[in-house]
Structures are given as structure tokens and as C-alpha cells.
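Colleague: dropping the sequence and predicted coords here.
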Amino acid sequence: MSMEGISMDINHLRAGVTLLGLVVFLGLVVWAWSGRRKSGFDEAARLPFDGEVEVVETAERQS
């Protein structure tokens, strides 16, 4: 097997890394927007508000 017909320079490497990055990015977008992840993301979105009621009640008691 001869390597004479194959010449790889830095631009081929850059193009390959760019394409790999694009594929990974698109895979993450598809994963994040899939319907199976909606319930997990909705739960995570409510996390900042879960302890708010306790904090308000504690502050009212101290007043």
C-alpha cells in the first residue's frame, strides 16, 4: 500500500475537526430537544423555586 496518492496537510485536519465538532453539536441539540428529556429538564427548571416557600416562611417567623 502506497502513501504517494495521499497528501494530508493541516487544512485537512482542520476540516476534519470542524466536521467532528459540527456532528457533536448537532447530536447535543437533538439530544436536548428530544421528547424523552422534557420531564428531566422541567424538573431541573423548577429546582431554584423548590426551597423558596421554606425561606419565606422562615423569614416571616423571624419578623
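Modeller: On my side now, so go ahead. All of these numbers come straight from a predicted model, not from anything done at the bench.

Colleague: how many neighbours does residue 38 have?
Modeller: 11 (other CB atoms under 10 Å). (Glycine included, C-beta is placed from N, CA and C.)

Colleague: how near is it to residue 9?
Modeller: Residue 38 is 45 Å from residue 9, where distance means CB to CB, to the nearest Å.

Colleague: I'd like the next helix or strand past the lengthiest helix in the chain.
Modeller: For the chain, the longest helix by residue count, based on DSSP state H, is helix 10-33. Per DSSP states H and E, the first helix or strand lying C-terminal to helix 10-33 is helix 38-50.

Colleague: and that next one, how far out from the chain middle?
Modeller: 16 Å (CA atoms, centre = their mean, to the nearest Å).

Colleague: now it: buried residues?
Modeller: Residues of helix 38-50 include none that count as buried (16 or more other CB atoms under 10 Å).

Colleague: contact partners of the longest helix of the chain?
Modeller: 37, 41 (CB atoms under 8 Å, 6 or more residues apart in numbering).
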